[in-house]
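Participant: sequence-free structure coming up:
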Ligand SMILES: O=P(O)(O)OC[C@H]1O[C@H](OP(=O)(O)OP(=O)(O)O)[C@H](O)[C@@H]1O
Ligand SMILES: Nc1ncnc2[nH]cnc12
Ligand SMILES: [Mg+2]
């Protein structure tokens with residue numbers, strides 16, 4: 001990637017605010033919405049994501065967004081690239097037959113689900129705002145793997161390095177994040 005891309009990353013990083021002790025005491029919360037309340041930052045972030053996907057995952061056939069913050073990026077990326085947009089949602093939100101996977105969060109645990117209609121072999125990219133422990137993306141990789149889809153990689157805006165979430169991502173699936181915090 002070129003210096004224009006690097007400068008955009010620096011600008012994006014400067015726009016993301018953090019909040020101490022949210023949603024629980026001891027958690028430093030990185031708020032993606034603080035950055036995208038500004039229209040120029042929306043466009044900047046969209047450009048960064050699209051450029052990253054075009055360079056790193058040119059063969060992608062569908063973007064898989066994780067409820068809820070991941071949906072911000074999965075639809076806009078899919079629409080821009082003219083490819084499919086598939087939801088992974090919290091338990092009980094998706095109609096029809098689903099696969100389920102229980103996972104742990106930095107602050108709790110939950111169950112994620114995907115509809116059984118995903119085509120086997122579909123080349124997918126998982127998208128979310130942030131990787132912390134990697135529990136959510138780990139669950140999404142398991143769900144797609146069980147669906148028979150091919151997971152090309154995972155793309156997040158933010159990575160919390162100190163939690164080393166990458167080590168929890170199975171099947172050797174690569175993770176790419178735009179910006180990092182400790
Ligand atoms: O790497 P992990 O430890 O799994 O944590 C990261 C996930 O946690 C947050 O979502 P959350 O489940 O809080 O829900 P939200 O997107 O609906 O706010 C964040 O948006 C990521 O999806
Ligand atoms: N520290 C954090 N900030 C924002 N979202 C999160 N999801 C999990 N951990 C988080
Ligand atoms: Mg989330």
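Facilitator: Cool, the structure landed. This one's a predicted model, so the numbers in the text were calculated from it and none came from an experiment. Ligands and ions are numbered 1, 2, ... in the order given.

Participant: Verify the assumption that residue 146 is located in a helix.
Facilitator: Yes. Using DSSP: H, G, I helix; E, B strand; the rest coil, the assignment for residue 146 is a helix.

Participant: For it, the count of nearby residues, please.
Facilitator: 14 (other CB atoms under 10 Å). For the C-beta atoms, the positions are set from N, CA and C on the backbone; glycine is no exception.

Participant: That one contacts residue 98, doesn't it?
Facilitator: No. Applying CB atoms under 8 Å, one finds residue 146 not in contact with residue 98, separated by 10.9 Å.

Participant: interface residues of the protein facing ligand 2?
Facilitator: Selection of the chain residues close to ligand 2 by CB under 6 Å from any ligand atom yields 27, 28, 29, 30, 106, 130, 132, 160.

Participant: Weed out the non-buried ones from those residues.
Facilitator: 30, 106, 130, 132, 160 (16 or more other CB atoms under 10 Å).

Participant: so which two of those are the farthest from each other?
Facilitator: 30 and 106 (11.0 Å; CB to CB).

Participant: does ligand 1 sit close to stretch 120-138?
Facilitator: Yes. Stretch 120-138 lies within reach of ligand 1 by CB under 6 Å from any ligand atom, at 128, 129, 130, 131, 132, 133, 134, 135, 136.

Participant: Report the contact partners of the last one.
Facilitator: Remark: with contacts taken as CB atoms under 8 Å, 6 or more residues apart in numbering, residue 136 is in contact with 66, 103, 105, 112, 128.

Participant: Now, the residues you listed that are in helices?
Facilitator: If you go by DSSP state H, these have nothing in helices.

Participant: Turn the buried ones among those residues into a named ChimeraX selection, would you?
Facilitator: In ChimeraX, this line selects whichever of the contacts of residue 136 come out buried by 16+ other CB under 10 Å:
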select :66,103,112,128
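
Participant: which one in the contacts of residue 136 is the model shakiest on?
Facilitator: Among these, residue 105 carries the weakest pLDDT, at 77.

Participant: what's the spacing between residue 146 and residue 112?
Facilitator: As judged by CB to CB, to the nearest Å, residue 146 and residue 112 stand 12 Å apart.

Participant: With residue 137 instead?
Facilitator: From residue 137 over to residue 112 the distance is 10 Å, taken as CB to CB.

Participant: what does residue 143 give?
Facilitator: Distance, residue 143 to residue 112, by CB to CB: 7 Å.
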